[in-house]
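Engineer: Got a sequence here, can you model it:
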Amino acid sequence: MASTDATTVNKDGSDLAGLEAGLDALETVQTGRRRPFRQTLTEKILPPVLAVALVLAVWQALVSFGIVDDPTKLPAPSAVWDVVHTAWLEGELLGYIWTSVSRGLLGFCLALVIGTPLGLLVARVRFVRAAIGPILSGLQSLPSVAWVPPAVIWLGLNNSMMYAVILLGAVPSIANGLVSGVDQVPPLFLRAGRTLGATGLKGTWHIVLPAALPGYVAGLKQGWAFSWRSLMAAEIIASFPDLGVGLGQLLENGRNASDMAMVFEAILLILIVGIAIDLLIFSPLERWVLRSRGLLVK
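Structural biologist: Residues are numbered from 1 along each chain as shown. Have a look, this model is predicted:
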């Protein structure tokens, strides 16, 4: 009888091992297979290219057929390209972009350093959540442009004012994203962590943060959007020669000169930078989080 039971256990064990090996092999085949270039071209590259081409075609048609015949309201795409090309030849284009991008990334990193522990504190301490949680939600819904006038009065026309506006716009989003992620952590994970001795900071680092990563990444992405928008608002309103010319200041200069080609140049550059940051940083980060949870196959 004992021999029969042992045989059954061994058989079940071998079956489970075989099933696990088969699943591992299947996963290896799926993740190791390269996506054909033709599929990448049709699914990833062509759709945005066609969308941009359609927008340019409609834009050009509005100008060519005289639907909008005032260049001070809608310049031709070629006029905008001439302005961009001239700024490139004069060596100013990269300066506009770098001035704003360097401020935005530094401000976002500062917001990350502040917003992450604040979000953990709000998520894990009930009294702090009751006291600060509604304030964070209110601050997140407050337009970033509202912080520019008081920041100018408090700090003056300098980079500190710019960073203050970015922090006030981004920190609530990062903190609330982390709070949302922590709230969605299954209680079973926390109990299992306590059983294994992962309590306090150790439990937060090894259990809570990894489990809350999807919500946290969503909060980071939204925090960057708020950082970028806050910076543009600050650069448009608070212009000063010592601050340099960023994309927001370029937009304001175009408005003051009634130069719609320059205005469209600034708008396109702001849009391109936002898309580039998303494609280079946040989209790969989101894919990594999904792939690590088995929700996305390479």
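Engineer: center of the protein, which residue is that?
Structural biologist: Nearest to the mean C-alpha position of the chain, by CA atoms, centre = their mean, lies Lys221 at 2.7 Å.
Engineer: quick one: that one and Ile153, what's the gap?
Structural biologist: Distance, Lys221 to Ile153, by CB to CB, to the nearest Å: 31 Å. Backbone N, C-alpha and C define where each C-beta goes, glycine included.
Engineer: if we can go back for a sec, pLDDT at the residue nearest to the centre of the chain, what is it?
Structural biologist: The model reports Lys221 with a pLDDT of 92.
Engineer: Repeat that for Thr7.
Structural biologist: At Thr7, the pLDDT value in this model is 46.
Engineer: pretty sure Glu175 contacts Val113?
Structural biologist: Heads up, residue 175 is Ala, not Glu. No. Between Ala175 and Val113 there is no contact under CB atoms under 8 Å: 11.7 Å.
Engineer: More neighbours: these two, which one.
Structural biologist: Neighbour count, other CB atoms under 10 Å: between Ala175 and Val113, Ala175 has more, with 29 against 13.
Engineer: Identify the residue nearest that one in space, chain neighbours excluded?
Structural biologist: With CB to CB, 6 or more residues apart in numbering as the criterion, Ala175 has its nearest non-adjacent residue at 3.7 Å, and that residue is Gly119.
Engineer: List the buried residues for the helix or strand hosting the one you found?
Structural biologist: Per DSSP states H and E: Gly119 is located in helix 93-124. For helix 93-124, a neighbour-count test (16 or more other CB atoms under 10 Å) marks 93, 96-97, 99-101, 103-105, 107-108, 110-112, 115-116, 118-120, 122-123 as buried.
Engineer: what stretches of this protein score poorly on pLDDT?
Structural biologist: Judged by pLDDT under 70, the chain has its weakly predicted residues at 1-35, 37, 41, 198-200, 295-298.
Engineer: which residue ranges form the strands in it?
Structural biologist: Shown for the chain, no strands are assigned by DSSP state E.
Engineer: all helices of the stretch 51-200 of the chain, in order?
Structural biologist: Secondary structure of the stretch 51-200 of the chain (DSSP state H, counting those that start in this stretch): helices located at 77-89, 93-124, 126-141, 148-155, 159-183, 187-195, 200-203.
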